[in-house]
Each structure stands twice: as C-alpha cells, then as structure tokens.
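Asker: Dropping a prediction and its sequence here:
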Amino acid sequence: MAKKTVNDIDLKNARVLMRADFNVPVKNGRITDDTRIRAALPTIKYILKQKGSSLILMSHLGRPKGTIKPELSLKPVAARLGNLLGISIIMASDCVGDEVAEKSKNLKSGEVMLLENLRFHAEEEKNDPDFAKQLASLGTIFVNDAFGTAHRAHASTEGIAHFITAVAGFLMEKEIRFLGGVLENPEKPFVAIIGGAKVSTKIGVLESLLKRATSIVIGGGMAYTFLKAQGHSIGKSLIENDFLKTAENLLKHAASEEVRIILPQDHLVASEFTETAGAELVDSIDIPDGKIGMDVGPKTLESCRSVIEQAKTVVWNGPMGVFEFDNFAKGTLEVAEMVADCRGTTVVGGGDSVAAVNKFGLSGRIDHVSTGGGASLEFLEGRELPGIKVLEEK
Ligand code: ADP
Ligand code: MG
C-alpha cells in the first residue's frame, strides 16, 4: 500500500497547501531548536522548484486549545524559515477567512505564505468538516509532511483530504518507508528493543512486534513488571500491578511464537529516585528490598550486544534506564552505540528514545530516527494512522 508522494503528481502551476510539523520549542519569542523546520526543507524546496508553483504552509504550535494565544503565534517560524530559504515568507493573520483566501489566490509563482496557528481554532482538533473544507479551498493540491500529527484525525491532517487531492511529502514518505518496512518485511534476524517507563503504554507495540521479531529486549522501567510476573523480587522499582497478568501472558505468547525475550539479568540500582543518587550494581535478577532498579547492568548489555550485532533489522523504542540522570544513562548510551554500530537497517522511534540518541550525538549513524513520538508508536502497533490513510494510493 504505497502512498503517492509529491514525486507522483504534476505540481506545475499548482498552489500547494502543505501541512508541516512546525511545532518547535519557542522561548520568549525565540526558537530554541529548529530541527523540525529543517526537516521540512527538502519537500518545500522541491515544491518551489516546480514551474509556476506557489506554497501555502500550515502547522500547529503548542496547545492553545481553540483560543488565540499571541505567544503561540507562528511568526517566529516564518522568520526562521525565511532565513533558511533565503526568501521572505508572507505571514497570514489567520488560517481561514476571507483575507487569507484572497491572499492565497494572489500568491505569485515562487511565493510562500505561512498560515497562523491552526489550533487557534477549536475546529482543527475537532476535525470539523466545514473548517477542513475552508482550509482545502486555499490550495489546489494538499501535501502532508507532518508525520508527528498523522495519528490524530484533525482537520488539517485527515478532514482536509476529503476535499482535495492529498499526497505525502518526503519526510512523511521516509517515515512510512522505514516504519512500514519494519512491519511488513523486516530482514531477519529482527531485534526489537522496547524500554521506557510503563508497560501500559508499550503493550500494543510489544504485541505487534511479537508477531514479527526474532528477539525482543525489554528494558527500562517496564521490565520490572515482567520480572515480578516471573516471581522475582524487584525492591522498590517501578511496578504496574494491574499489568502483571498482561506481562505473564505476553511472555507465554512469546514462547509459543518462539520469540526470544531478553529481560534484565543484572541492574544498576539506587536507594532513592534522585539525580544525585549513586549507582550500585546488583549482580542478580532479584533486587534487594528498598532498592530501585534504575538501569540495566553489564551482563544484560552483553546479551543485548550479542543479538544486536547479528541483527539485519533493529527497531528501538524506549530508553533502557533513567537516562536523564547521568549515573543511570549508561545502559541507554551503550544500547544506542550498539544500534549505531549495527550493519542492518536501524530505526529509532519515541520521543525520549530519540532525545537520547540526539543527546549522545548518534542520530547520524542510525538509518531512520523518527520525527513522531506518539505517531511512530501507533504505527509500530500496526495501526493505520488517519493522516496517512487518507493519502492517495499509488
Ligand atoms: P519513549 O518516549 O522513547 O517512547 P517512554 O516515554 O516510554 O519512552 O519512556 C521514557 C521514560 O522512561 C524516561 O523518562 C526514563 O527516565 C523512564 N525510565 C526508563 N527506565 C526507568 C526505570 N528503571 N525507572 C523509572 N523510569 C524509567
Ligand atoms: Mg516518552
């Protein structure tokens, strides 16, 4: 099920309406990280290279919840984008309405206009059809390059495609190619590394990957619920007692599918959950009373290495430990290095895992670092994302 991209349609003389993810961090009117703006440049530049085309960009920023919040205006994005492209961007005062419609129609070839924050209107998140239709009327072709919001059925991601030809941008296309590749025909051995805080948020992805993976590493805070389900003592580590049965069933399911599960065999623990707490090694699966499991230990990392080294496909979601605390970042750092060193296809998704990979400066050595946190998780769960579903098939 391949989706059409900007490469598959004629954009000559088109007024292209593109949904981007310009949801960048802004402090006192200044953009502190423009990664997301840069990520949209290949598609933007490609569109502007087409003869006679003009471009209308739209995005949300933050959570204004249907009210106009001046501090969440996209004006700083227009300025930064203009600098990056070396042109001046026309900033619209709103994203719908007569004035915007008029300005859109009058755009000249090569001109770029950025609409104001979509979420200043409550209709955006409600996926209101009238609002979607008004947005659609601004352009002649719709391009969605905002993978990070593709899991939400909003007016600018889903509703709009019912009124206008809709195709994927290059960023969206890359996400679908890599994440889809992992699900549809991963080269084996396929190793999934799933960590992070909670079983409850990762159960869907674990179940989906159980059907596909050769081995699954379970680390991070969620590992202790699995260890407890196996009858081990876990001290004061993170636990979701409501998910003990789920964990037990998942382990049984893995055994019947002949998927190897790697759980922590040793740990770095702390006496209290603080930034300054010292790390103590516990060289056994069982954790002493009163201690908190904060990171995986060296034996566990050797098991990870043995499977990741051999892998032809690796997907990683969720840190191995409390990597935000320097004393407990080692497991996540080492796994990140193993993934970077792996010769197979490597994919990392998830807000915190991606933050970790960036913090360690390793993103350039990973084949695909997903730009969507929630969206990549839902994709890996095997769900069809509403913003992707509505794009034209090839
Ligand atoms: P992602 O955003 O990559 O999907 P999650 O949001 O599921 O990842 O989980 C990330 C969080 O999990 C991090 O804040 C990290 O500190 C936390 N975490 C990892 N290991 C542990 C642990 N042993 N105990 C408590 N929290 C943990
Ligand atoms: Mg997270």
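Answerer: Sure, I can see it. Being a predicted model, the structure only gives us computed values, none of them experimental. Ligands and ions are numbered 1, 2, ... in the order given.
Asker: Nearest residue to N13 in space, ignoring adjacent ones along the chain?
Answerer: G52 (3.8 Å; Cβ to Cβ, 6 or more residues apart in numbering). Glycine gets a C-beta too; all of them are placed from N, C-alpha and C.
Asker: Of all residues in the stretch 201-350 of the chain, which one is closest to ligand 2?
Answerer: Residue nearest to ligand 2 within the stretch 201-350 of the chain: G350 (5.9 Å; Cβ to the ion).
Asker: Count residues in the vicinity of E258, would you?
Answerer: By other Cβ atoms under 10 Å, the residues close to E258 number 7.
Asker: What is the neighbour count of M91?
Answerer: With other Cβ under 10 Å as criterion, M91 counts 16.
Asker: which regions of the chain sit below the pLDDT cut-off?
Answerer: For the chain, the stretches flagged by pLDDT under 70 are 1.
Asker: What residues does it have near ligand 2?
Answerer: Selection of the chain residues close to ligand 2 by Cβ under 5 Å from the ion yields 351-352.
Asker: where's V357 relative to T140, distance?
Answerer: Noted for V357: a distance of 38 Å to T140, by Cβ to Cβ, to the nearest Å.
Asker: Which residue of the two possesses the greater neighbour count?
Answerer: The neighbour comparison of V357 against T140 (other Cβ under 10 Å) goes to V357, with 25 against 16.
Asker: a helix runs through that one, doesn't it?
Answerer: Yes. Applying DSSP: H, G, I helix; E, B strand; the rest coil, one finds V357 inside a helix.
Asker: Who is M113 paired with across the strands?
Answerer: Under the criterion DSSP bridges, M113 forms beta bridges with I56, I90.
Asker: number of nearby residues for it?
Answerer: 22.
Asker: Report whether the expected contact of it with K105 is present.
Answerer: No. The criterion here is Cβ atoms under 8 Å, and M113 misses it with K105 at 10.9 Å.
Asker: All the strands of the stretch 101-250 of the chain, residue numbers only.
Answerer: Using DSSP state E, counting those that start in this stretch, the strands of the stretch 101-250 of the chain run over 112-114, 141-144, 166-168, 190-194, 215-218.
Asker: now for the fourth one, which elements pack on it?
Answerer: Counting contacts by 3 or more Cβ pairs under 8 Å, 6 or more residues apart in numbering; DSSP states H and E, strand 190-194 packs against helix 199-210, strand 215-218, helix 298-310, strand 313-317.
Asker: That strand vs helix 298-310, what angle?
Answerer: On the basis of axes from the mean of the first three to the mean of the last three Cα atoms, to 10 degrees, strand 190-194 is oriented at 140 degrees to helix 298-310.
Asker: contacting residues around strand 190-194?
Answerer: With Cβ atoms under 8 Å, 6 or more residues apart in numbering as the test, strand 190-194 has contacts from 182, 202, 205-206, 209, 212-220, 222, 304, 307-308, 311-318, 320, 335, 339.
Asker: what about it and ligand 1, any contact?
Answerer: No. Counting by Cβ under 6 Å from any ligand atom, ligand 1 is not contacted by strand 190-194; separation bottoms out at 8.8 Å.
Asker: so G278 touches V269, yeah?
Answerer: No. If you go by Cβ under 8 Å, G278 and V269 don't touch, sitting 9.8 Å apart.
Asker: ok, the two, which is more surrounded?
Answerer: Shown here are G278 and V269; by other Cβ under 10 Å, V269 has more neighbours (25 against 11).
Asker: For the host helix or strand of that one, which strands pair with it and how are they oriented?
Answerer: With elements taken from DSSP states H and E, the one containing V269 is strand 267-270. Counting by DSSP bridges, the strands paired with strand 267-270 are strand 280-282 (antiparallel), strand 292-296 (antiparallel).
Asker: Show me what counts as buried in stretch 336-354.
Answerer: By neighbour count on 16 or more other Cβ atoms under 10 Å, the buried set for stretch 336-354 is 336, 338-340, 342, 344-354.
Asker: Oh, that last question was meant for stretch 209-227, not what I typed.
Answerer: 209-210, 212-227.
Asker: And it, how far out from the chain middle?
Answerer: 19 Å (Cα atoms, centre = their mean, to the nearest Å).
Asker: Determine if any part of it is in contact with ligand 1.
Answerer: Yes. Contact of stretch 209-227 with ligand 1 (Cβ under 6 Å from any ligand atom) involves 220-221.
Asker: List the residues that contact the residue in the chain sticking out farthest from the centre.
Answerer: The centre of the chain is farthest from one residue, D289, which by Cα atoms, centre = their mean lies 36.6 Å away. Residues counted as contacts of D289 (Cβ under 8 Å, 6+ apart) are 233, 235-236.
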